[in-house]
Each structure stands twice: as structure tokens, then as C-alpha cells.
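Peer 1: give the three-dimensional model of this entry:
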Amino acid sequence: MTASGGRQQTNAIARRGLMLVLSSPSGAGKTTLSRRLLEADPGVALSISVTTRKQRPGEVDGRDYHFIDAARFESMVEMGELLEWAQVFGHRYGTPRAPVEAALESGRDVLFDIDWQGTQQLRERARGDMASIFVFPPSIPELERRLRVRAQDVERVIQERMAKAGEELSHWAEYDYVIVNDDIERAFDQVRKILAVERLKRERQPWISAFVRRLQDEL
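Peer 2: So this is what the prediction gives:
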């Protein structure tokens with residue numbers, strides 16, 4: 001490897017990580033897109049939320065969520081241990097601060113699968129570290145079909161999710177990017193392209209100032 005190549009490799013490592021947020025109404029595909037991105041890109045770590053809801057069959061504590069009781073959740077809020085938190089369908093969800101900040105400092109990107117409430121809080125606290133994507137379903141009938149096909153919820157919960165979809169959709173303009181998930185392969189390709197562009201933004205390249213000074217010195 002040439003000296004130039006070595007500098008390029010060092011420069012790539014020097015970048016501060018970013019927070020990539022995916023939001024959508026339930027059933028629009030953000031969780032599928034999140035899982036595919038994590039499988040395809042080792043430079044991305046998932047932010048694992050804490051939640052007060054019960055663990056579902058097949059879920060693993062520490063992989064899908066950190067399942068905690070209401071008292072512990074309230075303590076984390078009071079101690080400032082959460083970057084964001086919200087109540088959704090009667091349960092509380094939040095993002096632990098410490099692992100996210102450690103990942104960003106080490107140059108890893110952190111993926112968030114959260115709703116508009118959490119996204120607003122992240123924007124208020126860490127706008128410079130964040131890029132957000134809103135994922136649309138191709139239609140409302142298709143959104144309902146997906147909720148029923150995945151068979152995770154009883155009818156009452158499906159109806160609650162459909163009712164909440166309107167509220168979720170009303171916040172789309174608050175996001176940096178929007179994607180219509182009518183084809184999962186195309187939507188996934190768009191997510192990867194957005195991440196690539198965000199990684200190349202000038203403000204995410206802390207080594208550039210020194211690099212430019214070196215070029216100027218060589219003139």
C-alpha cells in the first residue's frame with residue numbers, strides 16, 4: 001500500500017459516526033430495512049431501545065430490546081440516561097445514551113428504528129450527528145395487508161396501528177429524506193445510497209482541514 005493509500009485509510013477511520021434514523025407507520029417496512037442494513041454493513045450498529053412492554057415470543061433480551069420495568073425506566077429518564085423516549089401503544093420506549101455516544105466517538109454509525117416523537121427529541125439534542133429517513137407504504141390498503149400478513153398482533157392492535165398511521169404520516173416533512181417502500185430491493189438500495197452520501201458530508205470528515213493545509217503547504 002502506498003503512503004497516499006495509507007492516509008486514505010486513516011482518514012476513513014477518523015470520521016465521527018452518525019445517527020441514521022428510520023421511521024414509518026407500523027407495517028411500512030422500516031424494521032425489514034433496518035435488519036438488511038445491519039446484515040450488509042458492518043460499520044453500522046443498532047441502537048437497542050429499552051422498553052416497558054412484555055417480551056414477545058422469539059424476541060431476545062439485549063438483541064431486540066432491553067426489557068425493563070416502569071420503575072427502572074423512570075429512573076433512567078430522571079438520571080438523563082436516555083437520549084430520547086416516548087410512549088407508544090401504552091408502553092414506553094427509550095434510547096440509552098451511553099452506548100450510542102461510545103459508538104459515535106469510535107467512528108461507528110448507529111441505526112435507530114424509532115417513531116417521530118423520538119426523532120424530534122434526537123434532532124433537538126444532536127442535530128449535527130443525525131440523518132433521518134421517513135419510509136412510506138405504497139398505499140393504506142397495502143399497509144393494512146402487511147400488518148395482517150405478519151400476524152404479530154390481535155385485531156384490536158391492528159386497528160390501533162392503522163389509526164396511528166395518520167399521525168405518523170403527518171410528520172413526514174420533518175425528515176431529511178423520504179422513501180416509498182413499494183419494492184423492498186429498491187427501498188433498500190435508496191437507504192444505502194443515503195447513508196453513503198451522509199458519510200461523505202464535509203462536516204463528518206474531521207481530517208479534511210489538516211489534509212487541505214498539507215496540500216497548501218505543498219504548493
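Peer 1: tally of neighbours for V88?
Peer 2: V88 has 16 neighbours, counted by other CB atoms under 10 Å. Heads up, the C-betas are built off the backbone N, CA and C, glycines and all.
Peer 1: cool, S34 as well?
Peer 2: Counted with other CB under 10 Å, residues neighbouring S34 total 19.
Peer 1: and the helix ranked longest in the chain, what does it pack onto?
Peer 2: In the chain, assigned by DSSP state H, the helix with the most residues is helix 184-200. Packed against helix 184-200, as judged by 3 or more CB pairs under 8 Å, 6 or more residues apart in numbering; DSSP states H and E, are the following elements: strand 19-23, helix 30-40, strand 130-136, strand 177-180.
Peer 1: now stretch 29-49, how far from the centre of its chain.
Peer 2: Remark: stretch 29-49 is offset 8 Å from the chain centroid, using CA atoms, centre = their mean, to the nearest Å.
Peer 1: how long is that stretch end to end?
Peer 2: 18 Å (CA to CA, to the nearest Å).
Peer 1: which of the helices or strands spans L111?
Peer 2: strand 109-113 (DSSP states H and E).
Peer 1: so what strands line up beside that strand?
Peer 2: strand 19-23 (parallel), strand 44-46 (parallel) (DSSP bridges).
Peer 1: just to revisit the earlier point, pLDDT averaged over the longest helix of the chain, what's the number?
Peer 2: On average, the pLDDT along helix 184-200 is 96.
Peer 1: where do the helices sit along this protein?
Peer 2: 3-14, 30-40, 70-78, 97-105, 116-126, 140-150, 155-169, 184-200, 208-217.
Peer 1: buried ones in the fourth one?
Peer 2: If I follow you right, that is helix 97-105. Under the neighbour-count criterion of 16 or more other CB atoms under 10 Å, helix 97-105 has R97, V100, A103, L104 buried.
Peer 1: okay, the longest helix of the chain in CSV with CA atoms only?
Peer 2: Extracted C-alpha coordinates of helix 184-200, given in CSV (Å, rounded to 0.1, in the frame of the first residue of the first chain):
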residue,chain,number,x,y,z
ILE,A,184,-38.0,-3.7,-0.8
GLU,A,185,-34.9,-4.1,-3.0
ARG,A,186,-35.3,-0.5,-4.4
ALA,A,187,-36.0,0.9,-1.0
PHE,A,188,-33.0,-0.8,0.5
ASP,A,189,-30.8,0.5,-2.3
GLN,A,190,-32.0,4.0,-1.6
VAL,A,191,-31.3,3.7,2.2
ARG,A,192,-27.7,2.6,1.4
LYS,A,193,-27.2,5.5,-1.0
ILE,A,194,-28.4,7.9,1.6
LEU,A,195,-26.0,6.5,4.1
ALA,A,196,-23.1,6.7,1.7
VAL,A,197,-23.9,10.4,0.9
GLU,A,198,-24.2,11.3,4.6
ARG,A,199,-20.9,9.6,5.4
LEU,A,200,-19.2,11.9,2.8
